[in-house]
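Asks: Okay, sequence plus prediction incoming.
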Amino acid sequence: MDNRIFLTDETGQETEMEIVLTFEDEEHNRKYVLVKDPSDEADDVFAFSYDEDGNLEPVTDPDEFEMCEEVLGAFEEETNG
């Protein structure tokens, strides 16, 4: 499984990101991908929703972002024991 994705910013600069987790939320009827920059020591995770065509949109709604953080926390607990 390829766990990399390339994100392009407004200036056309591409950044290689590592996919941490993908999941679907039936309540919002949306799919999400959580990514981090492997070269960033801060280890920040960024949340995006995506459609069937692979178009990404940053998660900006605070409630939606909190839900993504909760899913990530549960995933990390399960993975790290």
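Replies: Noted; the coordinates are in hand. Numbering: from 1, shown residues only.

Asks: Going by neighbour count, list what's buried in the helix or strand hosting residue 69.
Replies: Element membership for residue 69 (DSSP states H and E) is helix 62-80. Residues 64, 67-68, 71-72 are the ones in helix 62-80 that count as buried (16 or more other Cβ atoms under 10 Å). Every residue, glycine included, has its C-beta placed from N, CA and C.

Asks: and that helix, what does it pack onto?
Replies: Helices and strands touching helix 62-80, by 3 or more Cβ pairs under 8 Å, 6 or more residues apart in numbering; DSSP states H and E, are strand 14-25, strand 30-36, strand 45-50.

Asks: rewinding a little: go through the buried residues of helix 62-80 and name the one nearest residue 18.
Replies: Nearest to residue 18 among the buried residues of helix 62-80, counting by Cβ to Cβ, is residue 72 at 13.4 Å.

Asks: which residue packs closest to that closest one, ignoring adjacent ones?
Replies: residue 34 (5.7 Å; Cβ to Cβ, 6 or more residues apart in numbering).

Asks: re the thing from before, reformat the helices and strands packed on helix 62-80 as TSV; add mean neighbour count and distance to residue 6.
Replies: Rendered in TSV, the data for the helices and strands packed on helix 62-80 read as follows (neighbours: other Cβ atoms under 10 Å; distance: least, Cβ to Cβ, whole Å):
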stretch	mean neighbour count	distance to residue 6
strand 14-25	14	5
strand 30-36	18	10
strand 45-50	18	13
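
Asks: Could you dump those into CSV and include mean pLDDT?
Replies: Output for these, formatted as CSV (pLDDT from 0 to 100):
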stretch, mean pLDDT
strand 14-25, 94
strand 30-36, 95
strand 45-50, 95
